[in-house]
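In: Prediction below, plus the sequence it came from.
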Amino acid sequence: MKPKVRTLTLNKEFKRAYYRGKRRVSPYFFCYIVKNRHEGIRYGLTASKKLGNAVERNRARRLLRTAFLTMEFREKENRDFVFVARERILSAKMPQVAKAMEKALFSPEGEKEAPQKTK
RNA sequence: UGAGUAAGCUGUGUGGCAGCGUGCUUUUGCAUGAGGAAAGUCCGAGCAUCACAGGGCAGGAUAGCUGCUAACGGCAGCCGGAGGCGACUCUAGGGAAAGUGCAACAGAAAGAUACCGCCAGAAUUUCUGGUAAGGAUGGAAAGGCGAGGUAAGAGCUCACCGGGGCAGGGGAGACCCUGCUGCCAUGUAAACCCUAUCCGAUGCAACGCCGACUGGGAGGGUAUCGUUGGCCCGACGCUCCCGAAGGGCGGCUGGAGCAAGGCGGCGACGUCUUGUCGAGAUAGAUUGCCACACCAGACAGAACUCGGCUUACAGGCUUAGUCACAAG
RNA sequence: CGGGGUGUAGCGCAGUUUGGUAGCGUGCUUGGUUCGGGACCAAGAGGCCGUGAGUUCGAGUCUCAUCACUCCGA
């Protein structure tokens, strides 16, 4: 029922998302969305060392992956998603993360263009 | 009953639905799926590639003895030392008469001497000689303490204690015991150093195979170079780089393996029999929801594999000694 | 997987080799100078040397363990 979802692996693809992508913010993660050509839906997960030890990083990635795979997409969509975990996700539960992701991905059309960087 | 010591075990469990990795079946399922530290990467090995006639220097590591082990800087038992009433715990524990260095300040003096003092002589407030018993300084002051002895003193002599040497005895050895002799040289080697033993280098991103020379690249750069283009993405060029870096497969999990029992040993451990197969990912797999139980779940996630060490850790459980009090 | 470096006053750094007194610049406080401020001059405060053990008479310094940050190679 769902199309096969590929993962992003190359450093190049992540950097492209950071430079070109649209940035969404949530208390639990950042999300970079960028269009691609004919690749379908792809996603990449990032949990930095600042987040905690290996157990906590694994948990953050698991929550994001499980939440992402339950999302429903249109048939012929070509997009890359890159998620960067934030610290608060460690104290979150699954329904909260799923709700936040739904809001970040499908909500308002008036999507912000990579909002003001603090620097 | 209270206090305290040592050793070890466990590390949420069960069920349902959905989902993930691997293997086998094949399109439906079945089996299996993180730890005692998987961690830190501090040691030791296996394995792989390269180098290599033999030896030495340099450099590094270790440091009581005997054993265990594939090996070790690990472990066991014992010896010496330190702490504790005790159970017990801790211990980098070779060499300072091979040599060099250092010991601030204080103190007269830091292994060499006389400041005060004491005694003797000259001399009349100083000099000479003797003296380490006393004072003072210091972490350390002429082996310690008592008696004899002396002008005053001193291992000068003696008893005890301590240290060195020699002899005898015990022990596998470290070392211990006894006797004799007879007191000159402090500390520091986690200062240089000396002695003994050990160490070739690199690490699974090792290494092997497939695929490629009309050249190839699926690598890096360029959000600020060029072409295409209104702009963005993208493609091609450009430039840097590679000589297979990328990809696929092997290496990759059956091993100094694990469990139970017997035998040998104080023990570390060895050996025999029987049984058993318990992750193998490659951006990296264990989760989500529900139910029940327990006073409620800590530290924490395999990345080639083992043996140790070190560090982190909620709660629970077991065993063996000790001391104090009370009762028998 | 492997190999290094750093941690000292609010901030930036010496001192560690060769163990005994912890210093420099800037900032801070007080006083002077000026009508006032700045600059300048003088004086002063501020440090359990990342943490914990050990060696030593004595440790910022030597040894071991540990924590944090950071760099390099494959």
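Out: On my side now, so go ahead.

In: If you average the pLDDT over stretch A:93-107, what comes out?
Out: Taken as a whole, stretch A:93-107 has an average pLDDT of 77.

In: list the buried ones in it?
Out: Neighbour-count burial for stretch A:93-107, counted by 16 or more other CB atoms under 10 Å, picks out A:96-98, A:100-101, A:104-105. Where you see a C-beta, it was placed from the backbone N, CA and C, and this is true even at glycine.

In: list the buried ones in the longest helix anywhere in chain A?
Out: The helix that spans the most residues within chain A, counting by DSSP state H, is helix A:54-69. By 16+ other CB under 10 Å, the buried positions in helix A:54-69 come out as A:57, A:59-61, A:63-64, A:67-68.

In: pLDDT and distance to A:I89 added to those, as TSV?
Out: Converted to TSV, the buried residues of helix A:54-69 look like this (pLDDT from 0 to 100; distance: CB to CB, whole Å):
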residue	pLDDT	distance to A:I89
A:R57	81	10
A:R59	82	8
A:A60	83	5
A:R61	82	10
A:L63	83	6
A:L64	83	8
A:A67	81	10
A:F68	80	13
